[in-house]
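A.B. asks: coords please:
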Amino acid sequence: MKKRCSLLIGLILIISCNQQDNPTNNNTQTASKFSIVIHGGAGGIVSKNFSEAQKEAYKQQLETSLNTGYKILENGGNAIDAVQAAIVILENSPLFNAGKGAVFNSEGAQEMDASIMNGNTLNSGAVAGINHVKNPILAANMVLDSSKHVLLSGKGAEILLEKYGLQMVPSSYFYTDKRFNQLQKLLGKDKTTLDHTAFREERPLIDDHKYGTVGAVAMDINGNIAAGTSTGGMTNKKHGRIGDSPIIGAGTYANNTTCGISSTGTGEYFIRTVAAHEVSSILKYTKDSPKKALQEVIFNQIAPLGGKGGMILIDKNGDVFWDFNTRGMFRGYKKSNGEAVIELFEKTAFPKNKIIK
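C.D. replies: Below is the predicted model:
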């Protein structure tokens with residue numbers, strides 16, 4: 001009888017230990033984290049220059065973008081899809097300098113750039129100097145998925161993208177009075193200098209901000225990170241000018257072992273410092289926090305050269321960071337733990353001991 005009791009007790013102990021060691025056991029399984037952060041450009045964005053209606057318009061678009069990407073993550077979708085979907089919302093709005101709201105170059109046309117990167121595989125796709133593609137971020141992702149290349153530009157890119165079935169639009173789709181008048185102001189000409197009557201449409205409710213770009217970074221439930229950036233560049237930029245947005249390692253970078261980043265600002269300086277990759281390298285080779293890494297690159301490397309702008313970041317733990325050396329940056333994040341923030345202007349503190357450490 002004693003022997004049977006001993007065997008029974010031993011069996012119970014074995015079963016109990018196996019249950020504790022089993023990672024699928026409900027008592028020990030932890031919920032997967034996911035998060036998304038977006039930006040809509042940085043620059044001289046000051047609250048007093050915006051009406052309450054304008055502020056609300058920006059907040060609504062940023063919230064829609066966040067929620068669109070977040071929903072994909074919440075349903076178990078991957079980070080690439082979440083980034084792409086969030087950026088499409090911003091590209092379709094005339095409020096932001098990307099897609100529909102793209103600025104005019106010196107020739108009175110739009111040339112748009114975009115890139116996207118998978119932090120799990122390091123696969124990347126980018127386009128530069130395109131005009132007839134409705135959503136440049138979709139074009140960048142198509143380069144990633146459907147070609148052996150990383151960066152395609154101009155007419156050649158458009159021919160391939162149309163062949164693959166991407167939605168194409170006439171140049172007139174990108175016209176807005178606001179962007180046209182910005183160009184005329186810089187050129188010092190009357191707004192009627194260029195013939196734009198055929199492109200007239202409702203006036204968008206926007207205020208100027210110098211470094212217009214949109215971007216998103218996400219981490220999905222599997223711990224995979226993705227980052228993407230899209231832009232119309234700078235008003236009155238030289239025909240053929242390409243900034244940092246389509247340059248992997250400058251405007252966009254993602255690596256599961258470190259972080260994902262999207263940049264906005266004076267692209268030439270982000271290219272010279274390989275800004276996004278530099279932040280990742282600091283995290284990889286030092287014990288610095290993401291907060292310190294962003295400060296090092298933005299304030300100690302880019303700023304001394306004369307560059308301005310900002311960056312958003314999600315680290316390998318799913319935590320969100322951002323920083324900028326301009327007056328403001330359109331930005332927001334949403335996390336699986338319930339935290340959600342949207343900011344437009346000067347810096348404010350994150351929730352204590354939750355995000356920035």
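A.B. asks: could you show me where the strands are in this structure, in order?
C.D. replies: 35-43, 112-118, 124-130, 151-153, 214-219, 225-231, 252-255, 259-265, 309-315, 320-324, 328-335, 340-343 (DSSP state E).
A.B. asks: How about residues contacting the shortest one?
C.D. replies: This points to strand 151-153. Strand 151-153 is touched from outside by 115, 126-130, 143, 160-161, 242, 246-248, with contacts defined as C-beta atoms under 8 Å, 6 or more residues apart in numbering. Backbone N, C-alpha and C define where each C-beta goes, glycine included.
A.B. asks: sorry, back to before: for K284, find the nearest of the strands of the chain.
C.D. replies: The closest of these to K284 is strand 252-255. By C-beta to C-beta, the value is 8.1 Å.
A.B. asks: what's near enough to touch the closest residue in space to S47 that isn't next to it in sequence?
C.D. replies: Excluding its sequence neighbours, the residue lying closest to S47 (C-beta to C-beta, 6 or more residues apart in numbering) is F345, at 4.7 Å. Contact analysis of F345 by C-beta under 8 Å, 6+ apart lists 45-47, 327-328.
A.B. asks: Can you lay out those residues as TSV showing neighbour count, pLDDT and distance to G156?
C.D. replies: What follows is these, written out as TSV (neighbours: other C-beta atoms under 10 Å; pLDDT from 0 to 100; distance: C-beta to C-beta, whole Å):
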residue	neighbour count	pLDDT	distance to G156
I45	24	87	36
V46	14	89	41
S47	11	89	43
R327	18	91	39
G328	22	93	37
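A.B. asks: Tell me the one among the contacts of strand 151-153 nearest to S336.
C.D. replies: Of the contacts of strand 151-153, the one sitting nearest to S336 (C-beta to C-beta) turns out to be S115, at 25.9 Å.
A.B. asks: For the residue lying closest to the closest one once chain neighbours are set aside, name its beta-bridge partners.
C.D. replies: Setting aside the residues directly before and after it, S115 is nearest to A126 in space (C-beta to C-beta, 6+ apart), at 3.7 Å. Assessed by DSSP bridges, A126 has beta-bridge partners S115, L151.
A.B. asks: Between the contacts of strand 151-153, which sits nearest F34?
C.D. replies: Closest to F34, out of all of those and judged by C-beta to C-beta, is S115, at 22.1 Å.
A.B. asks: Make sure the closest one is actually in contact with G125.
C.D. replies: Yes. Between S115 and G125 there is a contact at 6.9 Å, judged by C-beta atoms under 8 Å.
A.B. asks: follow-up on the earlier one: what pLDDT does the residue nearest to S115 get?
C.D. replies: You'll see A126 listed with a pLDDT of 97.
A.B. asks: Now for it: which residues touch it?
C.D. replies: The neighbours of A126, taking C-beta under 8 Å, 6+ apart as the test, are 113-116, 140, 143, 150-152, 246-248, 252.
A.B. asks: Including distance to Y173 and pLDDT, could those go into a markdown table?
C.D. replies: Listed next are the contacts of A126 as a markdown table, based on distance: C-beta to C-beta, whole Å; pLDDT from 0 to 100:
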| residue | distance to Y173 | pLDDT |
| --- | --- | --- |
| D113 | 17 | 92 |
| A114 | 16 | 96 |
| S115 | 22 | 98 |
| I116 | 22 | 98 |
| A140 | 19 | 97 |
| V143 | 21 | 96 |
| V150 | 27 | 97 |
| L151 | 24 | 96 |
| L152 | 21 | 95 |
| P246 | 20 | 95 |
| I247 | 26 | 97 |
| I248 | 27 | 98 |
| T252 | 25 | 98 |
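A.B. asks: Pull the most distant pair out of those residues.
C.D. replies: Pairwise over those, using C-beta to C-beta, the maximum falls at L152 and T252, 15.2 Å.
A.B. asks: Of the two, which one has the most company?
C.D. replies: More crowded of L152 and T252, by other C-beta atoms under 10 Å: T252, with 31 against 23.
A.B. asks: Tell me how far that one lies from S32.
C.D. replies: T252 sits 25 Å away from S32, going by C-beta to C-beta, to the nearest Å.
A.B. asks: next one: G99
C.D. replies: 32 Å.
A.B. asks: The two: who's more crowded?
C.D. replies: For G99 versus S32, neighbours defined as other C-beta under 10 Å are more numerous around G99 (30 against 14).
A.B. asks: Overlap of the contact sets of S115 and G125?
C.D. replies: Residues within reach of S115 and of G125 at once, by C-beta under 8 Å, 6+ apart, are A140.
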